[in-house]
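Q: after the sequence you'll find the predicted model.
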Amino acid sequence: MLLVQTALPPYRQAFCRELATSFGRSLRIAAGTDYFDQSIRTLDETGLIDVNLRNHFVLGRRLLIQLGHAEASIPRYEIRELNPRIITAWLGLIRSRLAGRRVLLWGHFQGRRVGEVHPRFIRRLMVTLSDGVIAYTFEDAERFRRSFPRKRVTVAPNATELSTESALIEGTPRSYFLYVGRLVDDKRVDTLIEGFHAAIAEGLLPDHVRLVIVGHGPAVPTVTELVDRLDLADRVELRPAAYGSAALNDLYAGAIAGVCAGYAGLNVTQSLSRGVPFITIANLNHSPEISVGTVDRSLFLAASAQSGALASTLGHVHRLVADGEIDHAAIRDETVSRYSVEAMVAGFIAATS
């Protein structure tokens, strides 16, 4: 089996290690160094990549050509990203069909364009050319089955950690809201800070409650300037990016809730798998992982990105946590029973069996 990725960021490494353990020498991983979004980069400190691809982005990083596939042995299965912007994925699909080899596509049901509800024609064509699909979520898998009834669809629930490594740590005072992720425009960290500032101004949060922002990216200077301008240096803490389950366990141990004012994705699973509720904005073009949460029990949606709406939600969730009305253990159990690295690997095994 050849798994082809645009890049292999740190959050994918636990999955790839487990996949390599399950498939042994029959698995080869090919990846480049960076993604369409340049803040997502390969950090392969464990030597998981067998074939180093050379990524060439064109038309302002709208399209990608990956060179270096010739170094990979001819596989029985190719698993490629369901991303129509990768030109070499199309070439791989066509070449494999002509050679009688199988190609599976791994990805979301729909793209991430604002307002997109169903796959656009080019995405549908890509699925049609494949031998099957590995979906990111159970909900996406059902959508694929309805739209492509003749295709084999399996689900590899998108997760970043082993169920045994993400832990609910109880007994630590929960005193801050926690953002973990890239600091890029789409994540709207500035909107989050403004909402937190509004919650303080409206008296919705006690003096000891802080906002902790963990990550890196091109928006760091903007975020730093905003914190200073709003005079929040004593309430907002900026920390460098953190990887690894142990570090994340420690971070979430004191968190009231995970938060994101932009599009949410794997950070939802990351938070809920530790029993920590998650707050984001309704009606954004979130990634499918948003379906992991249960609205008003583990997932809380601000009505809009306006600072007042976000402030109200922050205050509401703080009260629920302070009053002991959040069942942290139930949130964790429900999440890891469906979304874990082990479940992802099982999905890949099912897809190639």
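A: Looks like it came in fine.

Q: nearest the geometric middle of this protein, what residue?
A: Taking C-alpha atoms, centre = their mean, the centroid of the chain lies closest to Leu266, which sits 2.6 Å from it.

Q: output the below-cut-off pLDDT ranges for the stretch 101-250 of the chain.
A: Scanning the stretch 101-250 of the chain for pLDDT under 70 picks out 111-119.

Q: helices of that one, start to end?
A: 121-129, 138-147, 189-201, 220-229, 245-253 (DSSP state H, counting those that start in this stretch).

Q: and the angle for the third one with helix 220-229?
A: Helix 189-201 runs at 20 degrees relative to helix 220-229, counting by axes from the mean of the first three to the mean of the last three C-alpha atoms, to 10 degrees.

Q: buried ones in helix 189-201, by neighbour count?
A: Of the residues in helix 189-201, Val189, Asp190, Thr191, Leu192, Ile193, Glu194, Gly195, Phe196, His197, Ala198, Ala199, Ile200 count as buried by neighbour count, 16 or more other C-beta atoms under 10 Å. Bear in mind the C-beta positions are built from the backbone N, C-alpha and C, glycine included.

Q: need the contact partners of that helix.
A: For helix 189-201, contacts defined as C-beta atoms under 8 Å, 6 or more residues apart in numbering pick out 177, 179, 183, 205, 211, 213, 219, 222-223, 226-227, 230, 232, 235-236, 259-262, 302, 305, 307-312, 314-315.

Q: dump it to CSV, restricted to CA.
A: Output of helix 189-201 as CSV, limited to C-alpha atoms (Å, rounded to 0.1, in the frame of the first residue of the first chain):
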residue,chain,number,x,y,z
VAL,A,189,-7.8,34.3,16.6
ASP,A,190,-8.3,38.1,16.7
THR,A,191,-12.1,37.6,16.8
LEU,A,192,-11.6,35.2,19.7
ILE,A,193,-9.5,37.8,21.6
GLU,A,194,-12.1,40.5,21.0
GLY,A,195,-14.9,38.2,22.2
PHE,A,196,-12.9,37.4,25.3
HIS,A,197,-12.3,41.1,25.9
ALA,A,198,-16.1,41.8,25.5
ALA,A,199,-16.9,39.0,28.1
ILE,A,200,-14.6,40.7,30.6
ALA,A,201,-16.0,44.2,29.9
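
Q: please name the nearest non-neighbouring residue to Ala242.
A: Using C-beta to C-beta, 6 or more residues apart in numbering and skipping residues adjacent in sequence, the residue nearest Ala242 is Val214, 5.4 Å away.

Q: give me every residue that touches the residue nearest to Thr137 when sequence neighbours are not counted.
A: The spatially closest residue to Thr137, leaving aside those adjacent along the chain, is Pro288, at 4.3 Å (C-beta to C-beta, 6+ apart). By C-beta under 8 Å, 6+ apart, Pro288 lies in contact with His108, Phe109, Tyr136, Thr137, Glu139, Asp140, Asn158.

Q: and of these, the nearest to Lys151?
A: Lowest distance from Lys151 to the contacts of Pro288 (C-beta to C-beta) belongs to Phe109, with 12.1 Å.

Q: for Gly265, see how far away that closest one is.
A: Distance from Phe109 to Gly265, counting by C-beta to C-beta, to the nearest Å: 14 Å.

Q: same thing with Leu3?
A: Counting by C-beta to C-beta - Leu3 and Gly265 are separated by 20 Å.

Q: pick out whichever of these two has more residues nearby.
A: Leu3 (26 against 20; other C-beta atoms under 10 Å).

Q: quick one: contacts of the one helix or strand that one maps to?
A: Using DSSP states H and E, Leu3 sits in strand 2-7. Residues from elsewhere that reach strand 2-7 (C-beta under 8 Å, 6+ apart): 12, 16, 19, 27-36, 40-42, 51, 53, 55, 64, 66, 69, 72-73, 75, 77-81, 83, 86, 89, 92.

Q: what pLDDT, on average, does that strand get?
A: Averaged over strand 2-7, pLDDT sits at 95.

Q: helices or strands up against the next helix or strand after it?
A: Of the helices and strands lying after strand 2-7 in sequence (DSSP H and E), the nearest is helix 13-23. If contacts are counted by 3 or more C-beta pairs under 8 Å, 6 or more residues apart in numbering; DSSP states H and E, helix 13-23 sits against helix 341-351.

Q: from the chain's centre, how far out does the helix it packs on sit?
A: Chain-centre distance of helix 341-351: 17 Å, with C-alpha atoms, centre = their mean, to the nearest Å.

Q: same deal with stretch 32-52?
A: Counting by C-alpha atoms, centre = their mean, stretch 32-52 comes out at 16 Å from the chain centroid.

Q: just stretch 82-101 next, same as before
A: Between the centre of stretch 82-101 and the centre of its chain there are 25 Å (C-alpha atoms, centre = their mean).

Q: so for the helix ranked longest in the chain, mean pLDDT?
A: Assignment by DSSP state H gives helix 307-322 as the longest helix of the chain. Mean pLDDT, computed over helix 307-322, is 96.

Q: helices or strands next to that helix in the packing?
A: Checking 3+ C-beta pairs under 8 Å, 6+ apart, helix 307-322 ends up next to helix 189-201, strand 255-259, strand 278-281, strand 299-302.

Q: what lies in contact with the following helix or strand past it?
A: Where DSSP H and E defines the elements, the next helix or strand beyond helix 307-322 is helix 328-336. Residues outside helix 328-336 that contact it (C-beta under 8 Å, 6+ apart): 163, 166, 168, 170, 269, 272-277, 292, 294, 297-298.

Q: hmm, try it at 6 Å
A: By C-beta atoms under 6 Å, 6 or more residues apart in numbering, the residues outside helix 328-336 that reach it are Ser163, Leu168, Leu272, Ser273, Gly275, Ser298.
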